[in-house]
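[1] Predicted model follows, preceded by the sequence.
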Amino acid sequence: MQSVLPKVLHRLAGRPLLSHVIDAARRLSPDKICVVIGHGGEMVKQSLASDDLTWVTQSQQLGTGHAVMQALPVLDKDGVTLILYGDVPLVQTQTLQALVAQTQGEYCALLTAMAEDPSGYGRIVRDPVAQAVQAIVEQKEATPEQQRICEINTGIMAIPNRYLHPWLSKLENNNAQREYYLTDIVAMAVSQGVTVASSLAVHFSEAMGVNSKRQLAELERIYQRDFAEKLLDQGVQLADPMRIDIRGRIDCGIDVEIDIDCIFEGAVRLGDGVKINAHCILKNVSIAAGTVILPYSLIEDAEIGKDCKIGPYSRIRPGTRLGDKVHIGNFVEVKNSQIEAGSKANHLSYIGDSIVGANVNVGAGTITCNYDGANKYQTIIEDDVFIGSDTQLVAPVRISKGSTIGAGSTITKATPEHQLTLSRSKQISIAGWKRPQKVKK
């Protein structure tokens, strides 16, 4: 990976590779999840620490069989162990369910896949009559006939623990790499007359691992393509399914439209008829029906009401809640504020730590001065307020119902209801004044 970051912590769809595998395992409701860590193990453990995970250290990397050996002390004597890989992130839970079911509690079961180009993979050799798995033959040891086999070993397997314990203790490292190979237990099973069942992965991508940034990028595109296809099947209109990134969960109502190059992170909910225009980023956002998000807008940890219009180039920061039919326009930033129905701030403004009532107009260039360098204070703007352009509201301050604030004002005290309030220095003109001239050198 050419990185100081452990491989399994590199991110796919916004989450570490290993977290995808752990989540797939969790959905099986296992009795125990054991994670074998090696290089950078402490960083991995700290990043993904959870009470339902048992951590085991493999201090020397001596092969896949050796890795599973390290977990033996924490594995039960009965039950079935499912062996997964932290760098194979796209395996699906339903695929794993089918694999475990193949064991019937007494058989070994391998997950296999069909590859258009099986080069480099171990081939599945079957009995020509019964079609039972007889062996896994590595590429370098395969005969020309075996090399033409397209069914490959994914490395993922389910093994009853009563076999796993004794078989692992018998693994040997009599090979060029001096490693203990987990695949050797298949030969042990066949020699002891234990059935080796198999389950075929629905998609080859479920078997694909990550060993380079190039492979990581390939899997990212596969993941995003598959997610986009699911959205299309649900009726979401995507301008280009190849130009959307989902890095979390997205729930969509009917008639949702998403333009190109949008990124969705965390948990996102889009109501009926919501339109997300190009180049927007939404993170942990709920957007109610009929709202339109215009291009280049960033919305994070916020709740947006019905029939709102946001953007272009708007930034909605954490803690914001917008009521219905609110307009937030170009180069407007809202942070930790509540804005009620029908209010609008259409240009070049900052609203922070504020409670804004209904039907308020915030003029261009208005800012809430909520931070004194040490503490933050709240601005309260009541219903039906009109704030002229280039106004500074110095918190803590209350703008009372129906107030009008003259353009260019700095407001430091509460305003009376339904009155015009302004604060400006007297405009003067100086006769005979001339601009300074640049002195020639």
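    Sure thing, it's come through. Numbers count the residues shown, from 1 in each chain.

[2] Next, the contact list for the most centrally placed residue in the chain, please.
    Central residue of the chain (Cα atoms, centre = their mean): R247, 2.7 Å from the mean position. Contacts for R247 (Cβ atoms under 8 Å, 6 or more residues apart in numbering) come out as A13, G14, R15, I263, F264, E265, G266. Every C-beta, even on glycine, is put in place using the N, C-alpha and C of the backbone.

[3] let's see 7 Å
    Taking Cβ atoms under 7 Å, 6 or more residues apart in numbering, we find R247 in contact with A13, G14, I263, F264, E265.

[4] Quickly list the domain ranges of this protein.
    7-207, 213-421 (automatic domain parsing).

[5] what's the neighbour count on I293?
    Neighbours of I293 under the rule other Cβ atoms under 10 Å: 29.

[6] Let me see the contact set for G155.
    T64, Y85.

[7] Next, count neighbours for V196.
    Neighbours of V196 (other Cβ under 10 Å): 23.

[8] meant to ask about A25
    21.

[9] same check, this time on the one 3 residues further on
    Other residues near L28 come to 12 when the count uses other Cβ under 10 Å.

[10] before we move on, what about the one 3 residues further on?
    When neighbours are counted by other Cβ under 10 Å, D31 registers 7.

[11] Any regions of the stretch 101-250 of the chain where pLDDT drops low?
    Applying pLDDT under 70 to the stretch 101-250 of the chain picks out no residues at all.

[12] the strands in it, which residues?
    Per DSSP state E, counting those that start in this stretch, the stretch 101-250 of the chain carries strands over the ranges 108-114, 123-126, 133-137, 151-160, 196-200, 237-238, 244-252.

[13] What residues sit buried inside the fifth one?
    By neighbour count with 16 or more other Cβ atoms under 10 Å, strand 196-200 contains the buried residues V196, A197, S198, S199.

[14] Please render those as TSV that adds distance to C108 to the earlier fields.
    Formatted as TSV, these follow (distance: Cβ to Cβ, whole Å):
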residue	distance to C108
V196	5
A197	7
S198	9
S199	12
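
[15] right, so the domains of the chain: which one is the most enclosed?
    Across the domains of the chain, the average number of neighbours (mean count of other Cβ atoms under 10 Å) peaks for domain 213-421, which reaches a mean of 19.

[16] and it, how far out from the chain's middle?
    Centroid displacement of domain 213-421 relative to its chain, using Cα atoms, centre = their mean, to the nearest Å, is 21 Å.

[17] what does stretch 108-127 give?
    31 Å.

[18] returning to that earlier point: would JSON lines of the strands of the stretch 101-250 of the chain with distance to K45 be doable?
    Shown next, in JSON lines, are those (distance: least, Cβ to Cβ, whole Å):
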{"stretch": "strand 108-114", "distance to K45": "27"}
{"stretch": "strand 123-126", "distance to K45": "35"}
{"stretch": "strand 133-137", "distance to K45": "31"}
{"stretch": "strand 151-160", "distance to K45": "23"}
{"stretch": "strand 196-200", "distance to K45": "31"}
{"stretch": "strand 237-238", "distance to K45": "38"}
{"stretch": "strand 244-252", "distance to K45": "23"}
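
[19] Any idea which of the ones you listed gets closest to S59?
    Closest of the strands of the stretch 101-250 of the chain to S59 is strand 151-160, at 21.6 Å (criterion: Cβ to Cβ).

[20] Distance from the chain centre to that closest one, please.
    With Cα atoms, centre = their mean, you get 28 Å for strand 151-160.

[21] Just the helices from the chain, written as ranges.
    17-26, 41-47, 64-71, 93-103, 144-147, 161-169, 184-191, 213-233 (DSSP state H).

[22] Export those helices to a markdown table and append columns for distance to T391.
    Shown next, in a markdown table, are those (distance: least, Cβ to Cβ, whole Å):
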| stretch | distance to T391 |
| --- | --- |
| helix 17-26 | 47 |
| helix 41-47 | 46 |
| helix 64-71 | 65 |
| helix 93-103 | 55 |
| helix 144-147 | 76 |
| helix 161-169 | 72 |
| helix 184-191 | 75 |
| helix 213-233 | 43 |
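
[23] so which of these gets nearest P436?
    Nearest of the helices of the chain (Cβ to Cβ): helix 213-233, 57.4 Å.

[24] any idea how far A239 is from the residue nearest to the centre of the chain?
    19 Å (Cβ to Cβ, to the nearest Å).

[25] And the residue nearest to the centre of the chain, how far from Q60?
    35 Å.

[26] what do you get for L219?
    28 Å.
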